[in-house]
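In: Sequence isn't available, so here's the structure alone:
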């Protein structure tokens with residue numbers, strides 16, 4: 001509980017600093033989301049945090065993030081979610097298949113690193129650390145292998161969330177669909193995609209990118225629907241009760257929450273469009289937008305507080321090299337695909 005209040009306190013301090021100092025000074029390259037992550041990293045690596053804060057920080061990083069994403073559903077009607085999903089789906093499919101294909105050859109070349117490569121590939125193709133932790137029991141990976149894969153995905157994703165917003169603007173010249181789909185398909189973890197889209201939206205005054213990147217990333221996360229049944233079936237030795245239980249436990253339920261809030265937005269817009277209550281409906285939507293902003297940025301503080309700079313030395317060369325190769329291939333392929341297929 002103390003860790004939650006600590007993360008909220010850091011966010012409020014950053015927000016006030018941004019409103020009353022940074023923004024008036026016209027320092028345009030900084031954003032609230034970026035400051036939340038950087039401050040979290042600085043606090044975690046250059047101060048001595050009390051162990052009492054750990055559980056609250058982990059809760060904020062996972063649960064507050066998921067609740068914030070659920071509330072993001074009110075930004076988009078269900079029709080818009082479906083439309084954006086159809087645009088992004090071909091890129092996601094090609095990315096998914098390419099990563100699996102590439103990992104197959106890397107496993108043949110680095111056979112001793114089979115489990116780590118498998119986990120890194122899963123994390124890169126779908127949803128970062130969540131996919132790694134979800135898949136790890138099925139791959140029978142050892143604790144140190146899970147830790148290595150998690151470190152690699154976390155480090156590469158953290159680097160990407162700071163670089164890709166600016167890189168995407170240079171490549172796609174503020175095309176909302178291209179930028180949003182690029183961020184949603186090229187960055188590993190859900191929190192990192194949200195952070196990068198917030199940075200882009202703030203720096204280039206394009207809030208639509210947040211919506212497109214979020215839908216793209218959640219659609220990408222839903223590929224666990226394909227992966228988990230495959231792994232669960234193999235793991236459960238054809239025991240159907242275990243199979244369904246594994247799928248139910250592993251599937252990210254916040255995706256359903258996001259879609260439900262999107263449906264609520266669609267129904268509400270239809271019902272209140274010519275009603276005297278339209279003003280109150282807009283106030284309610286604004287409330288959820290503000291609440292989502294607070295929860296997501298609080299989660300980004302927690303994300304920063306979870307980054308261990310010392311862990312870079314512990315990873316070793318091979319797993320990091322493998323992760324960089326896969327991520328670089330995804331980056332280059334996504335740029336070519338998005339330039340070719342997305343208008």
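Out: Alright, I've got the coordinates. Because the structure is predicted, anything quoted here is derived from the model rather than measured.
In: Around residue 20, count how many other residues there are.
Out: The tally of other residues near residue 20 (other CB atoms under 10 Å) stands at 10. The way it works is simple: take the backbone N, C-alpha and C, and place the C-beta from them, glycine included.
In: For the stretch 151-300 of the chain, give me the ranges with low pLDDT.
Out: Low-confidence segments of the stretch 151-300 of the chain (pLDDT under 70): 224-226, 228-252, 255, 274.
In: residue ranges for the helices of it, please.
Out: Secondary structure of the stretch 151-300 of the chain (DSSP state H, counting those that start in this stretch): helices located at 176-186, 190-204, 208-221, 224-235, 240-250, 254-272, 278-305.
In: Looking at the ones you listed, spot the one closest to residue 21.
Out: Set against residue 21 and scored by CB to CB, the helices of the stretch 151-300 of the chain come closest in helix 190-204, at 15.6 Å.
In: so that closest one versus helix 278-305, what angle?
Out: Angle of helix 190-204 versus helix 278-305, following axes from the mean of the first three to the mean of the last three CA atoms, to 10 degrees, is 110 degrees.
In: what stretches of the stretch 1-150 of the chain score poorly on pLDDT?
Out: Within the stretch 1-150 of the chain, the ranges that satisfy pLDDT under 70 run 26-31, 76-81, 112, 130, 133-134, 136-138, 142-144, 147.
In: and if we set it to 90?
Out: By pLDDT under 90, the low-scoring segments of the stretch 1-150 of the chain are 1-3, 18-42, 44-52, 58, 60-150.
In: from memory residue 214 sits against residue 184, does it?
Out: Yes: using CB atoms under 8 Å, residue 214 is in contact with residue 184, at 7.3 Å.
In: could the helices of the stretch 151-300 of the chain be laid out in JSON lines, adding mean neighbour count?
Out: Shown next, in JSON lines, are those (neighbours: other CB atoms under 10 Å):
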{"stretch": "helix 176-186", "mean neighbour count": "27"}
{"stretch": "helix 190-204", "mean neighbour count": "26"}
{"stretch": "helix 208-221", "mean neighbour count": "25"}
{"stretch": "helix 224-235", "mean neighbour count": "17"}
{"stretch": "helix 240-250", "mean neighbour count": "14"}
{"stretch": "helix 254-272", "mean neighbour count": "17"}
{"stretch": "helix 278-305", "mean neighbour count": "20"}
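In: would you list these in TSV and tack on distance to residue 60?
Out: Shown next, in TSV, are those (distance: least, CB to CB, whole Å):
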stretch	distance to residue 60
helix 176-186	22
helix 190-204	11
helix 208-221	19
helix 224-235	23
helix 240-250	22
helix 254-272	15
helix 278-305	4
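In: Could you say which one of the ones you listed comes nearest to residue 86?
Out: Among the helices of the stretch 151-300 of the chain, helix 208-221 sits nearest to residue 86 (CB to CB), with 9.4 Å.
In: residues making contact with the helix or strand harbouring residue 45?
Out: Using DSSP states H and E, residue 45 maps to helix 32-46. Residues from elsewhere that reach helix 32-46 (CB atoms under 8 Å, 6 or more residues apart in numbering): 10-11, 14-15, 17-18, 22, 49, 158, 161-162, 194-195, 198-199, 202, 296-298, 300-310.
In: if we can go back for a sec, between residue 214 and residue 184, which contacts overlap?
Out: 193, 197.
In: dump the residue contacts of the most centrally placed residue in the chain.
Out: Nearest to the mean C-alpha position of the chain, by CA atoms, centre = their mean, lies residue 190 at 1.1 Å. By CB under 8 Å, 6+ apart, residue 190 lies in contact with 65, 69, 127, 128, 130, 217, 218, 221.
In: Spatially, what comes nearest to the fourth one if we skip its sequence neighbours?
Out: Okay, so that is residue 128. Spatial nearest neighbour of residue 128, chain neighbours left out: residue 189 (3.1 Å); criterion: CB to CB, 6 or more residues apart in numbering.
In: How many residues are close by that neighbour?
Out: The number of residues packed near residue 189 is 25, by other CB under 10 Å.
In: before we move on, what about residue 16?
Out: As a burial measure, residue 16 scores 10 neighbours (other CB under 10 Å).
In: measure it to residue 304 for me?
Out: Here the criterion is CB to CB, to the nearest Å. By it, residue 16 lies 18 Å from residue 304.
In: show me the contacts for residue 9.
Out: If a contact means CB under 8 Å, 6+ apart, then residue 9 has no contacts.
In: and it, what element?
Out: Assigned by DSSP H and E, residue 9 belongs to helix 2-17.
In: and that helix, how far out from the chain's middle?
Out: Here the centre of helix 2-17 is set off from its chain's centre by 21 Å, with CA atoms, centre = their mean, to the nearest Å.
In: Same question for stretch 155-168.
Out: Its chain's average C-alpha position is 12 Å from that of stretch 155-168, according to CA atoms, centre = their mean.
In: still on that earlier bit, name the residues that touch the following helix or strand past the helix holding residue 45?
Out: Sequence order places helix 54-59 as the next helix or strand after helix 32-46, per DSSP H and E. Outside helix 54-59, the residues within contact range by CB under 8 Å, 6+ apart are 1, 2, 3, 4, 5, 6, 7, 302, 305, 306.
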